[in-house]
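S.K.: Quick one: sequence plus predicted model below, questions after.
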Amino acid sequence: MSALVKLIDVIKRYADVTALDSTNLSIERGNTTVLIGPSGCGKSTLLRLIVRLIEPDSGSIEFNDETITSDTIAKLRRRIGYVIQEGGLFPHLTARANVLLMARHIGKAQDEMQNRLVELCDLTRFSVDLLSRYPLELSGGQRQRVGLMRALMLSPELLLLDEPLGALDPLVRASLQKDLKGIFAQLRQTVLFVTHDLAEAIYFGDKIVLMNDGRVVQKGSIADLRENPSEPFVAEFINAQRGVLLT
Amino acid sequence: MKLPRPIGVGRDRRARRARPIVLLLLLLIPVAVVVSASANPVTIGSKKFTESYVLGEIARRALNDAGIAAEHRQGMGGTIILWQALQGGQIDAYPEYTGTIAQEILKTGQQLSFEDIRDALAEYGVAITEPLGFDNTYALVMRRSEAQRRGIRTISDLRQHPELKFGLTHEFLDRQDGWRPLHERYALPQQSVIGIDHALGYSALANGSIDVKDAYSTDAKIEENDLVVLEDDLRFFPKYEAVFLFRSMSPGAITALRRLEGTLDEKRMIHLNVEAERTKNYAFAANLYFGPGKGSAPSMGESFPHKLARWTLRHLELAGFSLLLAVIIGVPLGIVASRGGWIGQGILGFASVVQTIPSLALLALLVPVPFFGISMRTAIAALFLYGLLPIVRNTASGLQDIPRSLRESAVALGLGPFTRLREIYLPMASRSILSGIKTSAVINIGTATLAALIGAGGLGEPILSGLNLNDHATILEGAIPAALLALLVQWLFDVLDRVLIPKGLRI
């Protein structure tokens, strides 16, 4: 399977803290890669580097075999969907306006946008009637569905999710997990999903990338990680969340 | 789970919301339209005290009677402001005193003859009439009862009473022929000397807060308040003969003005001053000069509603135009400042420093600048500078308060920098920006009353003349409308908030 995104020797430092240390990683097409690790391990940094919210200090990142630079990223961002906790919706815009923002900006036809909107509502199980509401009039789960619709609006090749379900209560979270997994499968979407919850990682991850201290510690299936830990930290991390695994 | 509040079927109003600032500017423009004067009449200026007002009115009437269009800009300020206005061509003539010309304008320490003064002024392109007939020299005055009780008759007698409290005008305190040389010459021992406005000083004298103040020898208040003029036994004060200074005017205008020469003695001038203060009507007092049966009967001049409308309109022009400028320039500066760095710090620092300059000082500093001078421009520039800080600061902080996650969401979506600013950041900061504009508007309405000091008009005009006449009713004629205007502006902006702040931010 070919890689959609490749990180080559990427290093990112903040002052004297190394957020990401000489990292090499490939994100393969058509499946879900989960980045997991304790907070501060560099998983969000990695995501933000791909969409160029921050610049790497050294190394390069390739998208479709082309190196991303600050010149090319502007166009590239339209091919990447980015979802954060709470959805990152703009409070002064209705759900509809949030979803259509970028499509309108690049001049998509009205009926094309309308069709896509209905399609996305259907896909994310979001009621069309709620589209005229403002973010503050929606529940957390609803906001997250709108955030997902906004990210999917332009049919991106890559979907980045940064702890998207972190702020939701368990029932809403479970229902969204199930829906998301269905959506990813249906779209054959390339997904990079950041979480600190091992159960969520196992549920979503075709591939799990465990990070610690700015490094990728091990990459593989959950079975690989459990049976062949590359270093003591892997077993330690898995055992800490063992209760979840036994169920 | 709490159910979200249902709302009606919405349509997308993004386009309307994208330009709240533009909308606001459009709303402000009618307020800021400057009504320019059509004709080009002779402009007479006057200083801010009763006698100067009356002389200004007399000159206006004299010109009008000669069939020459003339207007009178009342109470524009002190000597320097009037002199500069005359040189700058904002006024054509104003009443002045020979002593003031020698000391303050020509800045000479010597006693100059009338001919010396005329020649010296000619070098500035300014002409002078012959004396009008009275000498309004500086004098020190006391309550008659107090002076008699202590047996004080001359300025030299003050030496025996070091406990007396002096309240002197700021101009007198600073003048070449004012307090400092006076107290050296007479070796006066008094320690307690405060600076106080001329008209307020009379109240202070009446209620005993001060015992001695400076006055002009033809002040109406001397008679009204039963004060006594202390004899200048060492002949310290130079002569202050009243004259008119003028620039090039039509021969007809000059002839009309010179017809006033030698026609006003001290007694007559004091009478006119008393009448002006009694009736609160300078035009009426000026008409008395022309005598009963001569010219029009004493009228109250402009009706109050008409005056109020004129003041209010001018006030709105001043405040509105300066606010418009402050918005046009302040919002972009705030955007730059929101990015921080030394440029951002510099902008905020500059705006803050401007705010700390007392408004009176700022006006005075702008008056000598060539483009400004004695004009509405100066008032608008000063108000603009005052209005800047709240707008710049609120724009910057409104933008900085946008959560980083939302800024990053806008970037990650692929929106360009300009689109992000216009469609995301500015609407999200709109509440803060609008509240800054509201603060500026209210400040400007209040501060615009000071514009009257430099003859720019507005509701400060009645406040200023009320202050000069020590007449509370006249002060309130300006103060109450100004306060109501500020409330109205506040209310108007509360309404604007509803229109301009996106609905999604008001839930």
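M.R.: Yep, it's here.
S.K.: Low-confidence stretches in chain A?
M.R.: Low-confidence segments of chain A, defined by pLDDT under 70, span residues A:1, A:242-247.
S.K.: Could you pull out the helices in it for me?
M.R.: Taking DSSP state H, the helices of chain A run over residues A:43-50, A:73-76, A:95-105, A:110-124, A:140-152, A:170-187, A:198-204, A:222-227, A:232-240, A:242-246.
S.K.: next one: the stretch 1-150 of chain B
M.R.: B:14-17, B:20-32, B:50-65, B:79-88, B:98-100, B:114-122, B:144-150 (DSSP state H, counting those that start in this stretch).
S.K.: what does the fifth one rub up against?
M.R.: Meaning helix B:98-100. For helix B:98-100, the external contacting residues (Cβ atoms under 8 Å, 6 or more residues apart in numbering or on different chains) are B:79, B:112, B:114, B:117, B:131, B:137-138, B:177, B:237-241, B:243. For the C-beta atoms, the positions are set from N, CA and C on the backbone; glycine is no exception.
S.K.: still on that earlier bit, I'd like to know which of the helices of chain A lies nearest to chain B.
M.R.: helix A:95-105 (5.0 Å; Cβ to the nearest Cβ).
S.K.: Please point out which parts of that closest one sit buried.
M.R.: Judged by neighbour count (16 or more other Cβ atoms under 10 Å in any protein chain shown), helix A:95-105 contains these buried residues: A:Ala95, A:Arg96, A:Ala97, A:Asn98, A:Val99, A:Leu100, A:Leu101, A:Met102, A:Ala103, A:Arg104.
S.K.: Tabulate the residues you listed (JSON lines), appending distance to A:Ser26.
M.R.: Formatted as JSON lines, the buried residues of helix A:95-105 follow (distance: Cβ to Cβ, whole Å):
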{"residue": "A:Ala95", "distance to A:Ser26": "35"}
{"residue": "A:Arg96", "distance to A:Ser26": "37"}
{"residue": "A:Ala97", "distance to A:Ser26": "36"}
{"residue": "A:Asn98", "distance to A:Ser26": "32"}
{"residue": "A:Val99", "distance to A:Ser26": "31"}
{"residue": "A:Leu100", "distance to A:Ser26": "33"}
{"residue": "A:Leu101", "distance to A:Ser26": "31"}
{"residue": "A:Met102", "distance to A:Ser26": "27"}
{"residue": "A:Ala103", "distance to A:Ser26": "30"}
{"residue": "A:Arg104", "distance to A:Ser26": "34"}
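S.K.: if we look at chain B, which of those residues are close to it?
M.R.: Here is what survives when the buried residues of helix A:95-105 are matched to chain B using Cβ under 8 Å from any Cβ of the partner chain: A:Arg96, A:Ala97, A:Leu100, A:Leu101, A:Met102, A:Arg104.
S.K.: quick revisit: now which of the contacts of helix B:98-100 would you call buried?
M.R.: B:Thr79, B:Leu112, B:Ile117, B:Pro131, B:Thr137, B:Tyr138, B:Asp177, B:Phe237, B:Pro238, B:Tyr240, B:Glu241, B:Val243.
S.K.: for the residues you listed, which one is nearest B:Lys438?
M.R.: B:Thr79 (38.9 Å; Cβ to Cβ).
S.K.: My guess is that closest one contacts B:Ile105. True?
M.R.: Yes: using Cβ atoms under 8 Å, B:Thr79 makes contact with B:Ile105 at a distance of 6.9 Å.
S.K.: intersection of neighbour lists for the two?
M.R.: In contact with both B:Thr79 and B:Ile105: B:Glu96, using Cβ under 8 Å, 6+ apart.
S.K.: Can you name the residue of chain A nearest chain B?
M.R.: For chain A, Cβ to the nearest Cβ, closest residue to chain B: A:Ser132, 3.1 Å.
S.K.: surely that residue meets A:Leu93?
M.R.: No: the criterion here is Cβ under 8 Å, and A:Ser132 misses it with A:Leu93 at 11.0 Å.
S.K.: What are the buried residues along stretch B:161-181?
M.R.: Neighbour counts over stretch B:161-181 (16+ other Cβ under 10 Å) mark B:161, B:164-169, B:171-173, B:175, B:177-179 as buried.
S.K.: got the end-to-end distance for that stretch?
M.R.: 19 Å (Cα to Cα, to the nearest Å).
S.K.: hang on, the earlier thing: using a markdown table, lay out the contacts of helix B:98-100 together with distance to B:Tyr289.
M.R.: A markdown table is the format used below for the contacts of helix B:98-100 (distance: Cβ to Cβ, whole Å):
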| residue | distance to B:Tyr289 |
| --- | --- |
| B:Thr79 | 24 |
| B:Leu112 | 28 |
| B:Phe114 | 23 |
| B:Ile117 | 25 |
| B:Pro131 | 16 |
| B:Thr137 | 21 |
| B:Tyr138 | 24 |
| B:Asp177 | 28 |
| B:Phe237 | 26 |
| B:Pro238 | 26 |
| B:Lys239 | 22 |
| B:Tyr240 | 19 |
| B:Glu241 | 17 |
| B:Val243 | 16 |
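S.K.: pLDDT check: weakest of the residues you listed?
M.R.: Ranked by pLDDT, these bottom out at B:Asp177 (73).
S.K.: Determine the longest strand present in chain B.
M.R.: strand B:70-77 (DSSP state E).
S.K.: pLDDT of that one, averaged?
M.R.: Mean predicted lDDT for strand B:70-77 stands at 84.
S.K.: and the nearest residue to A:Lys219 once chain neighbours are set aside, what does it touch?
M.R.: Among residues not flanking A:Lys219 along the chain, A:Val209 sits closest, at 4.8 Å (Cβ to Cβ, 6 or more residues apart in numbering or on different chains). By Cβ under 8 Å, 6+ apart, A:Val209 lies in contact with A:Leu25, A:Thr33, A:Val34, A:Leu35, A:Ile36, A:Val216, A:Gln218, A:Lys219.
S.K.: could you dump these to TSV with neighbour count?
M.R.: Output for the contacts of A:Val209, formatted as TSV (neighbours: other Cβ atoms under 10 Å in any protein chain shown):
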residue	neighbour count
A:Leu25	20
A:Thr33	22
A:Val34	25
A:Leu35	30
A:Ile36	25
A:Val216	23
A:Gln218	18
A:Lys219	17
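S.K.: What separation is there between the most centrally placed residue in chain A and A:Thr33?
M.R.: Most central in chain A under Cα atoms, centre = their mean is A:Leu161, positioned 1.8 Å from the mean C-alpha point. Noted for A:Leu161: a distance of 11 Å to A:Thr33, by Cβ to Cβ, to the nearest Å.
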